[in-house]
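S.K.: Let me see the structure of the following:
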Amino acid sequence: MSIVKEFKAFAIKGNVVDLAVGVIIGTAFGKIVSSLVGDVVMPPIGYLIGGVNFSDLAFTLPALLEGQTPVLVAYGKFLQTLIDFTIIAFVIFMVIKVINRLKRKEEEAPAVPPAPSNEELLLREIRDLLKQQQK
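M.R.: Prediction:
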């Protein structure tokens, strides 16, 4: 089998397509959560604690040698990213919890026996006719 045919068989499989869709949706969801945290959640928190802009929180490490630029440690951006992660992880947890609950309900649902096939119906008719003839 050629490489192109193998790749085509791999790429068309449902799991690969589902994964690609999940990654794209996850990326978009991550951007939404980042905007939510950076533009909606953090400004009121900063306002409540004295007008602090979390994206500006940082400290500078002095340059060790003359002529080098000092190093900026932006821990405020790290805090925003940490809150982003926490929100995304919580949402994913809730989605998985709902999916597991739905799967459990499917498993707990009583199985409905399948309708008898035509052969079974015909055999039942023959059985009933034979019983009538014996009487």
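S.K.: Make sure I87 is actually in contact with S34.
M.R.: No. Under the criterion of C-beta atoms under 8 Å, I87 is not in contact with S34, lying 9.4 Å apart. (Glycine included, C-beta is placed from N, CA and C.)
S.K.: Can you tell me the centre-most residue of the chain?
M.R.: By C-alpha atoms, centre = their mean, the mean C-alpha position of the chain lies nearest to I92, the distance being 5.3 Å.
S.K.: Just the element for that residue, please.
M.R.: Element membership for I92, per DSSP states H and E: helix 75-108.
S.K.: For V73, grab phi and psi.
M.R.: The phi/psi pair for V73 (degrees, to the nearest 10) reads phi -100, psi 100.
S.K.: which ones are touching the closest residue in space to it that isn't next to it in sequence?
M.R.: Excluding the flanking residues, the one nearest V73 by C-beta to C-beta, 6 or more residues apart in numbering is F59, at 5.4 Å. The contact partners of F59, by C-beta atoms under 8 Å, 6 or more residues apart in numbering, come to 72-73, 75.
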